[in-house]
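A.B. asks: dropping the sequence and predicted coords here.
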Amino acid sequence: MKNPHLTPTKPKEVLKYSYSQLNTFKTCPQQYKIIYMDGVRKPHESIEAFMGKRVHEVLEWVYDKDNRSKSYQTFDSLCKTYDEYWVKNWHENIYIADYRNPSDFYYSIGKRCLSNYYNKYGPSFDEPVAETEIELQFKIDNHPFRGIIDRLDNPGKGKWVIHDYKTSKREKTQRQAFNDLQLGLYYLAVQQNYKEIEEISLCWHFLRTGNEVLITHTQEKMELIRRKLTKLIKKINFAKKDENNFIPKESILCNWCYLWEECTAKLGKNLVVRAE
């Protein structure tokens, strides 16, 4: 059922791939079609996504040029900035899939994430940061890609560390990190955009617990990841030959989806709770 109140953007072919697009196709092919082929966009977002964005913004603020020139930051200054971003960006289309937890619960999780990070890296935050929130263009077998890296450090000549902040509950094991496609993509992005590459490391920050996973890929492992990415792109391109190939894949993740009115597997709206 189509939403009569929603005006989709003009459908257009995806010109550049991204990790979020590939992951959307893996999660639900029909969701991929609705978003990236039909051009449907909605202002809705989950409270978890909203909280994660605010935490990311604070950590970007911590490492901006002005703050890096300071000798230290207080935790209160991080909390004040978090509050300002929270209030400034709050909107009426934020929803909670788990109705048992109020918005204050997720707000406090964000504070805990910042506290864990501050206890490990504050108050000086003197990491060798090259850039934050960098958007890079690159290619995989002539397929154009774009990606945004949370933070890129340059601890020495030819050495680069890609940092990714996670505010979700789920953490990766060392083995899962070695097979992760997202930071594998970012590895290729840095490799193609920076000179004097001797070593590229990948660091996941699991902010809810303060745990971290740091890995360094071999060229053999990166070739395996590249082949996986190419195989996934071929699957997407094959599916585009017939719109009926984009079948919905129902799972628990449907509870966080706001495209029920456009989905052939659902009826009506997603009955999640509006955050207050």
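C.D. replies: Yep, that arrived.
A.B. asks: excluding its backbone neighbours, what's nearest residue 179?
C.D. replies: With CB to CB, 6 or more residues apart in numbering as the criterion, residue 179 has its nearest non-adjacent residue at 7.8 Å, and that residue is residue 225. Yep, even glycine has a C-beta here, placed from its N, CA and C like the rest.
A.B. asks: who's in contact with that neighbour?
C.D. replies: Residues in contact with residue 225, defined by CB atoms under 8 Å, 6 or more residues apart in numbering, are 179, 181, 184, 187, 217.
A.B. asks: how about residue 58?
C.D. replies: Residues in contact with residue 58 (CB under 8 Å, 6+ apart) are 78, 81-82, 85, 114.
A.B. asks: now do the same for the residue nearest to the spatial centre of the chain: helix, strand or coil?
C.D. replies: The structure's the chain has its C-alpha centroid closest to residue 20; by CA atoms, centre = their mean the separation is 7.1 Å. In the three-state summary, residue 20 is assigned as helix, counting by DSSP: H, G, I helix; E, B strand; the rest coil.
A.B. asks: run through this structure and note the low-pLDDT ranges.
C.D. replies: Within the chain, the stretches falling below the threshold (pLDDT under 70) are 1-15.
A.B. asks: that older thread, for the residue nearest to the centre of the chain, give its distance to residue 146.
C.D. replies: Here residue 20 is placed at a distance of 10 Å from residue 146 (CB to CB, to the nearest Å).
A.B. asks: next: residue 266.
C.D. replies: Using CB to CB, residue 266 is found at 30 Å from residue 146.
A.B. asks: same question, residue 163
C.D. replies: As for residue 163, its distance to residue 146 is 18 Å (criterion: CB to CB).
A.B. asks: neighbour-wise, which of those two wins?
C.D. replies: The neighbour comparison of residue 163 against residue 146 (other CB atoms under 10 Å) goes to residue 163, with 23 against 16.
A.B. asks: so what pairs up with the more buried one in the strands?
C.D. replies: Residue 163 has these beta-bridge partners by DSSP bridges: residue 151, residue 203.
A.B. asks: list the contacts for it?
C.D. replies: For residue 163, the contacting residues are 149-153, 203, 205, by CB under 8 Å, 6+ apart.
A.B. asks: what about stretch 267-276, distance to the chain center?
C.D. replies: Shown here is stretch 267-276, whose average C-alpha point lies 23 Å from the average C-alpha point of the whole chain (CA atoms, centre = their mean, to the nearest Å).
A.B. asks: next, count neighbours for the nearest residue to residue 124 once chain neighbours are set aside.
C.D. replies: If the residues on either side of it in the chain are set aside, residue 124 comes closest to residue 72, at 5.5 Å by CB to CB, 6+ apart. Taking other CB under 10 Å as the neighbour definition, residue 72 ends up with a count of 11.
A.B. asks: residue contacts, residue 72?
C.D. replies: Contacts for residue 72 (CB under 8 Å, 6+ apart) come out as 122-125.
A.B. asks: before we move on, what about residue 83?
C.D. replies: Residue 83 neighbours (CB under 8 Å, 6+ apart): none.
A.B. asks: any figure for the gap between it and residue 65?
C.D. replies: For residue 83, the distance to residue 65 under the criterion CB to CB works out to 23 Å.
A.B. asks: hey, where'd the helices end up in this protein?
C.D. replies: For the chain, the helices defined by DSSP state H cover 19-27, 29-32, 47-62, 65-68, 75-89, 103-121, 174-178, 181-193, 219-239.
A.B. asks: the longest one vs helix 181-193, what angle?
C.D. replies: An angle of 110 degrees separates the directions of helix 219-239 and helix 181-193 when computed by axes from the mean of the first three to the mean of the last three CA atoms, to 10 degrees.
A.B. asks: on that earlier part again, can you tell which of the helices of the chain is closest to residue 272?
C.D. replies: Nearest to residue 272, of all the helices of the chain, is helix 47-62, at 9.6 Å by CB to CB.
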